[in-house]
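Asks: The amino acid sequence is not available; the structure is as follows:
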């Protein structure tokens, strides 16, 4: 219960935290963080700024000059941000993308909480990862950390699908990095063109999890699905997860549910990656369960 004693107040000592992304209007992150500050009585304010690649460098310099505790970045900035930070935590270095930047001792330190947030969401839903095969669709700034964290979480095989455009090289680089630099995990990773539907059909049929790590299905494109009309690949023991959380039930998840597959939406991922960033910014634990109940109502 929130009362007058723990209502967050903006004053001369309030510390700024932000989000740099475009588009930004759909994001639940500012509300989630600010609710956490209010519940915990922390003197921070989290604001969203509509910033794309062109304005990213100037915005980063501005956040640093203003003495912000840090900031999150989302599409389309998770890869581009890497060139503007002073140091990289292993989570960002391995993923080669960053969604969280902490301003500490005059330096900007890049982290990535997406991959661990995604895996925490799967585990919260009771999904076993040891020894399984995963089909992952995506090549952008969220796909890479998910792939890296899955490799570190016990899977045995990863099939990555990406469109044959300018970002296909990202998927090839990610798979090559896993096979070359992460051999100790014993994971076999392969990359395929998303346009190769026969390969997509085969890999999904052999996988325990199908993951959409693209923005396809997010408002205002919520009439789209990575599967299109290829619904026969869905089965009752397939776990279908989506990083998109607006809408909560994407077209992909609706298709999965109708076919008897197990749908897992992106709300848990955004909550857990946010909780990890919250602690990096403030040093305090996010009141996850209270936020979940007040914002989302359930898992």
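Replies: Looks like it came in fine. Keep in mind the model is a prediction, meaning the values are calculated, not measured. Residues are numbered from 1 along each chain as shown.
Asks: The protein - how does it break down into domains?
Replies: Following automatic domain parsing, one gets these domains for the chain: 4-112+269-296, 115-265.
Asks: so how far is stretch 31-38 from its chain's centroid?
Replies: Averaged C-alpha coordinates place stretch 31-38 at 19 Å from its chain's average position (Cα atoms, centre = their mean, to the nearest Å).
Asks: Check stretch 92-102 too.
Replies: Its chain's average C-alpha position is 11 Å from that of stretch 92-102, according to Cα atoms, centre = their mean.
Asks: Which residue would you name as the spatial centre of this protein?
Replies: The centre of the chain sits closest to residue 114, judged by Cα atoms, centre = their mean, with a distance of 3.7 Å.
Asks: sec struct for the spatially closest residue to that one that is not a sequence neighbour, please.
Replies: Spatial nearest neighbour of residue 114, chain neighbours left out: residue 145 (4.3 Å); criterion: Cβ to Cβ, 6 or more residues apart in numbering. Every C-beta, even on glycine, is put in place using the N, C-alpha and C of the backbone. Secondary structure state of residue 145, per DSSP: H, G, I helix; E, B strand; the rest coil, is helix.
Asks: can you pull the contacts of residue 145?
Replies: 91, 95, 97, 99, 112, 114-115, 118 (Cβ atoms under 8 Å, 6 or more residues apart in numbering).
Asks: can the domains of the chain go into TSV with extra columns for mean pLDDT?
Replies: Shown next, in TSV, are these (pLDDT from 0 to 100):
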stretch	mean pLDDT
domain 4-112+269-296	94
domain 115-265	96
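Asks: can you pull out the helices in this structure?
Replies: Using DSSP state H, the helices of the chain run over 29-40, 56-65, 90-95, 114-124, 143-152, 168-181, 197-205, 251-258, 267-282, 288-291.
Asks: Any chance of JSON lines for these, columns distance to residue 105?
Replies: Below are those laid out as JSON lines (distance: least, Cβ to Cβ, whole Å):
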{"stretch": "helix 29-40", "distance to residue 105": "22"}
{"stretch": "helix 56-65", "distance to residue 105": "12"}
{"stretch": "helix 90-95", "distance to residue 105": "18"}
{"stretch": "helix 114-124", "distance to residue 105": "24"}
{"stretch": "helix 143-152", "distance to residue 105": "25"}
{"stretch": "helix 168-181", "distance to residue 105": "29"}
{"stretch": "helix 197-205", "distance to residue 105": "46"}
{"stretch": "helix 251-258", "distance to residue 105": "43"}
{"stretch": "helix 267-282", "distance to residue 105": "14"}
{"stretch": "helix 288-291", "distance to residue 105": "28"}
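Asks: which one of those lies closest to residue 190?
Replies: Closest to residue 190 of the helices of the chain, according to Cβ to Cβ: helix 168-181, at 6.5 Å.
Asks: quick check: angle from that closest one to helix 143-152?
Replies: Orientation check (axes from the mean of the first three to the mean of the last three Cα atoms, to 10 degrees): helix 168-181 against helix 143-152 gives 20 degrees.
Asks: that older thread, out of the helices of the chain, deepest packed?
Replies: Most buried of these, by mean neighbour count (mean count of other Cβ atoms under 10 Å): helix 143-152, with a mean of 26.
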